[in-house]
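Colleague: My questions are about this predicted structure, shown below with the sequence.
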Amino acid sequence: MILRRKTFEATVPSMAMGDIAFLLLIFIVLLARARDESHLVWQPATGTELVKPANRNASVVIDRQNVTYLNGRAIPVETLAAELESLLGDLPAGGRTVLFKVHKDVIAEFFEPAIEAVSEAGGELHHVLEPASNPASAP
Amino acid sequence: MNDIAFILIVFFLVCASVEPEDGRSQVIPRSEKNEKAEASQSTEVGLTPATVTIDGTPYRLEEFPPRIRQLLAQKKTEAGRVVVLKSQADVPYAHWIAMTEIIEQAGGIVTLLLEEEQAVHLN
């Protein structure tokens, strides 16, 4: 009696590999956008004729507790200009956009020094606002 | 099916986490330029939470847009269209952004005049 050896086929499950590759892609895209500011509480002021920023190199948030954040990290406003300078580096004009997200009730004592810091660092301010519900009543 | 469900969950999470970015761009000249602007014949706008002044003269909020438009229309040079904005410390951001929008729509170039910090020594 002759017993034949069992043969095993090793195949790569192409469908599952495709799924894994797609998940990895999404994971990397998420990491690339890792400026998580979702925990910050702020409500935008209103404005008209709003536009999307051409690019975004940094994001400054002042939340309802008057705390200043740079790219989601709390920092003292005194160091904001220096940190922005190192972030923006030698980027050309037109490519130095700083998103500026300030809670609508924050007072000038807190947001004006931040604006000054962005200006000192050569950043191009982009105030993030929400469209006025009734544009006729907006200025 | 599990894979598809997981991918759909991730997709909806990504969609939900998109932050708003629409807004208004603003060019604020650097501090050293502010000094030059102050020296020239620029317009000074003062802001308090309830009032607005132009070169020291108070205006009601509804009077402000036509008045600033009229003033800036007379300025022919870029330096003349510089508006030095002096805000009281308690002016809320929403009010500030509304007023600067009016100034910029009227053709003005906003620069800030910040209060200098002063050290006071008590004996």
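Modeller: Cool, the structure landed.

Colleague: quick one: low-confidence parts of the chain?
Modeller: Let's take chain A. Within chain A, the segments meeting pLDDT under 70 span A:32-36, A:134-139.

Colleague: The intended chain is chain B.
Modeller: Using pLDDT under 70, chain B drops low at B:1-2, B:15-18, B:30-40, B:115-123.

Colleague: Close to chain A: what parts of it are there?
Modeller: For chain B, the contact set with chain A under CB under 8 Å from any CB of the partner chain comprises B:3, B:6-7, B:10-11, B:14, B:17, B:19-31, B:47, B:65, B:87-94, B:96-99, B:101-102, B:105, B:112, B:114. In this view, the C-beta of every residue, glycine as well, is placed from N, C-alpha and C.

Colleague: Could you tell me how far A:Glu19 is located from chain B?
Modeller: One correction, residue A:19 is Asp, not Glu. For A:Asp19, the distance to chain B (CB to the nearest CB, to the nearest Å) stands at 4 Å.

Colleague: Quick one, which of the residues of chain B next to chain A are buried?
Modeller: B:10, B:21-24, B:26, B:28, B:47, B:65, B:87, B:91-94, B:96-99, B:101-102, B:112 (16 or more other CB atoms under 10 Å in any protein chain shown).

Colleague: Okay, and which of the residues you listed map to helices?
Modeller: Using DSSP state H, the subset of these located in helices is B:Val10, B:Pro65, B:Tyr93, B:Ala94, B:Trp96, B:Ile97, B:Ala98, B:Met99, B:Glu101, B:Ile102.

Colleague: report the longest helix in chain A, please.
Modeller: Per DSSP H, chain A has its longest helix at helix A:14-32.

Colleague: how far out from the middle of the chain is it?
Modeller: 22 Å (CA atoms, centre = their mean, to the nearest Å).

Colleague: ok so, going back, from the ones in helices among the buried ones among the residues of chain B next to chain A, which two are the most distant?
Modeller: Farthest pair in these (CB to CB) is B:Val10 and B:Pro65. Separation: 47.6 Å.

Colleague: Strands of chain B, residue ranges please.
Modeller: B:23-26, B:43-47, B:52-54, B:57-59, B:82-87, B:109-112 (DSSP state E).

Colleague: any idea which of those strands is most buried?
Modeller: Among the strands of chain B, ranked by average contacts under mean count of other CB atoms under 10 Å in any protein chain shown, first place goes to strand B:82-87 (a mean of 22).

Colleague: May I have it as CSV, with CA atoms only?
Modeller: Taking Å, rounded to 0.1, in the frame of the first residue of the first chain, the C-alpha atoms of strand B:82-87 are listed here in CSV:
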residue,chain,number,x,y,z
VAL,B,82,-3.9,102.7,8.2
VAL,B,83,-6.3,102.5,11.1
VAL,B,84,-4.8,102.2,14.5
LEU,B,85,-7.1,100.1,16.7
LYS,B,86,-7.0,100.7,20.4
SER,B,87,-9.2,98.3,22.3
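
Colleague: which outside residues touch that strand?
Modeller: For strand B:82-87, contacts defined as CB atoms under 8 Å, 6 or more residues apart in numbering or on different chains pick out A:108, A:112, B:34, B:37-38, B:40, B:42-47, B:68, B:72, B:96, B:99-100, B:103, B:108-113.

Colleague: centre of the chain versus it, how much separation?
Modeller: 9 Å.

Colleague: got the angle for it vs strand B:43-47?
Modeller: In terms of direction (axes from the mean of the first three to the mean of the last three CA atoms, to 10 degrees), strand B:82-87 departs from strand B:43-47 by 20 degrees.

Colleague: list the buried ones in stretch A:37-52?
Modeller: Residues of stretch A:37-52 classed as buried: A:Glu37, A:Leu40, A:Trp42, A:Pro44, A:Ala45, A:Thr46, A:Gly47, A:Leu50 (neighbour count, 16+ other CB under 10 Å).

Colleague: Fine by me, we can end here.
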